[in-house]
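Student: Here is a sequence together with a model predicted from it:
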Amino acid sequence: MGKINAIITGIGGYVPDYILTNEELSRMVDTSDEWITTRVGIKERRILTEEGLGTSYMARKAAKQLIQKTGVDPDTIDALIVTTTTPDYKFPSTASIVVGKLGLKNAFAFDFEAACCGFLYTLDVAASMIQSGRYKKIIVIGADKMSSLVDYTDRATCVLFGDGAGAVLVEATEEQNIGVQDSYLRTDGSGLPFLHMKAGGSVCPPSHFTVDHRLHFLYQEGRTVFRYAVTYMSNDVMEIMKRNNLSAENIDWVIPHEANRRIIEAVAKRAELPLDKVLINIDHYGNTSAATIPLAIWDNESRLKKGDNIIFTAFGAGFVHGASFYKWAYDGDKVAGAK
Ligand code: ACO
């Protein structure tokens with residue numbers, strides 16, 4: 001038997017219907033379409049507004065579409081992993097809720113938290129599980145309801161985020177030189193002061209004080225985070241390129257985490273990669289955290305061809321960061337329902 005490789009065999013996605021535009025935001029806080037467009041590159045983002053619906057709702061919708069598009073038998077799914085910073089509850093896991101709603105009888109399910117690197121890290125974990133030979137089919141879902149932890153009175157953060165979910169099916173194959181090829185993943189634990197939520201965890205559980213002092217929202221020192229994001233993502237991309245003899249000529253696509261269009265442009269410039277090879281959709285979704293990379297795949301599936309060399313890269317709270325080299329495994333334009 002040859003080496004087992006792990007490949008993505010399908011993609012599903014979901015974004016809520018409600019569109020929060022820059023124009024609407026500029027009626028809520030002191031901002032403007034001009035500032036948001038030039039400083040961040042976002043025009044609109046989707047928000048899950050229905051009361052009582054959380055991250056699992058979007059994750060389930062994305063996974064349902066994935067199952068329908070791939071035609072996979074749900075009973076053959078071995079595991080389902082949801083990567084999110086905005087779980088439905090502290091416990092049980094969001095993945096356990098999704099697996100129950102989907103009726104997957106033979107899967108075990110768990111959450112994996114790595115902020116905006118969630119999808120990048122989890123794809124590698126799922127690939128390692130597949131390569132071990134113990135599991136054949138794993139659903140990986142990146143999903144975040146960022147609107148649940150954004151302070152809509154803080155102009156410095158509320159313009160940045162949106163809600164959404166993307167799901168991929170990761171499968172085993174004995175075909176060689178395809179799928180996950182290499183990854184360079186790191187965590188620099190110095191990021192806490194610059195990007196976190198102050199209350200609600202075990203250090204500072206919820207209380208009247210934490211609510212009164214608005215401590216249940218995302219806190220970010222934007223400039224510092226920006227600097228780290230550019231440095232780490234570009235260094236990680238260049239490391240992956242060096243290790244795999246990749247260059248602007250033989251890379252087909254770069255799929256980055258989308259936090260700010262200026263970060264993406266700076267990373268591409270430092271790594272000397274042309275922007276027309278970088279898949280960017282931040283203008284219409286904003287930063288959906290763990291969902292940005294799978295949503296970019298979802299939006300561009302029909303452009304991806306078997307054998308395409310893809311670099312994924314991400315950065316987020318922690319600081320988590322990294323890049324991976326992936327060889328696309330199917331012709332997206334032959335998939336019914338591909339965007
Ligand atoms: N509208 C108008 N003005 C604004 C707004 C706004 N929405 N937000 C901030 N400003 C003002 C500030 O008050 C400041 O004004 P001042 O000069 O009078 O003090 C000025 O704009 C510049 O503020 P900066 O914070 O320096 O603006 P910057 O250009 O750095 O952009 C931003 C801010 C968009 C947050 C940027 O720093 C950024 O993208 N940071 C990184 C975000 C990121 O990558 N996050 C990681 C992932 S998130 C995760 O892991 C959950």
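Tutor: That came in fine, so what should we check first?
Student: Contact distance from the ligand - what residues of the stretch 151-300 of the chain qualify?
Tutor: Neighbours of the ligand within the stretch 151-300 of the chain, by Cβ under 6 Å from any ligand atom: 155-156, 159, 195, 222-223, 225-226, 229, 259-260, 263, 287, 289. From N, CA and C alone the C-beta is placed, and that goes for glycine too.
Student: which of these count as buried?
Tutor: Neighbour counting by 16 or more other Cβ atoms under 10 Å classes 155, 159, 195, 222, 225-226, 229, 259-260, 263, 287, 289 among those as buried.
Student: The residues of the stretch 151-300 of the chain next to the ligand in helices, which ones?
Tutor: Those of these mapping onto helices are 155-156, 222-223, 225-226, 229, 263, per DSSP state H.
Student: Considering these, which is situated nearest to the ligand?
Tutor: Using Cβ to the nearest ligand atom, Gly222 comes nearest to the ligand of these, at 2.9 Å.
Student: per-residue confidence for the nearest residue to the closest one once chain neighbours are set aside?
Tutor: Leaving out its chain neighbours, the residue that sits closest to Gly222 by Cβ to Cβ, 6 or more residues apart in numbering is Ala156, at 6.0 Å. We have a pLDDT of 97 for Ala156.
Student: One more: Val99?
Tutor: Val99 is given a pLDDT of 98.
Student: Next: the one 10 residues further on.
Tutor: The per-residue pLDDT reported for Ala109 equals 98.
Student: Can you classify it as helix, strand or coil?
Tutor: strand (DSSP: H, G, I helix; E, B strand; the rest coil).
Student: What is the neighbour count of it?
Tutor: Using other Cβ atoms under 10 Å, Ala109 has 22 neighbouring residues.
Student: for Glu324, what are its contacts?
Tutor: No, residue 324 isn't Glu; it's Ser. 120, 123-124, 180-185, 240, 311-313 (Cβ atoms under 8 Å, 6 or more residues apart in numbering).
Student: Same check on Thr55?
Tutor: Thr55 touches 82, 84, 86-88, 94, 143-145, 148, 165, counting by Cβ under 8 Å, 6+ apart.
Student: go with 6 Å
Tutor: 84, 86, 88, 94, 143, 145 (Cβ atoms under 6 Å, 6 or more residues apart in numbering).
Student: Next: Ala199.
Tutor: Contacts of Ala199 (Cβ under 6 Å, 6+ apart): 210, 215-216.
Student: how close does Asp163 sit to the ligand?
Tutor: For Asp163, the distance to the ligand equals 13 Å [Cβ to the nearest ligand atom, to the nearest Å].
Student: cool, and Val254?
Tutor: 16 Å.
Student: ok, now Glu174?
Tutor: 37 Å.
Student: and what of Thr173?
Tutor: 32 Å.
Student: try Val99
Tutor: Distance of Val99 to the ligand, computed by Cβ to the nearest ligand atom: 25 Å.
Student: Report how many residues lie close to that residue.
Tutor: Val99 sits with 25 neighbouring residues when counted by other Cβ under 10 Å.
Student: Can you name the residues that contact it?
Tutor: 80, 107, 109.
Student: likewise Glu50?
Tutor: Contacts of Glu50 by Cβ under 6 Å, 6+ apart: none found.
Student: just checking, it is part of a strand?
Tutor: No. Under three-state DSSP, Glu50 falls outside any strand and is assigned coil.
Student: Quick one: the ones in helices among the residues of the stretch 151-300 of the chain next to the ligand as CSV, columns for distance to Val99 too.
Tutor: Putting those into CSV (distance: Cβ to Cβ, whole Å) gives the following:
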residue, distance to Val99
Arg155, 39
Ala156, 37
Gly222, 36
Arg223, 40
Val225, 33
Phe226, 37
Ala229, 33
Ile263, 34
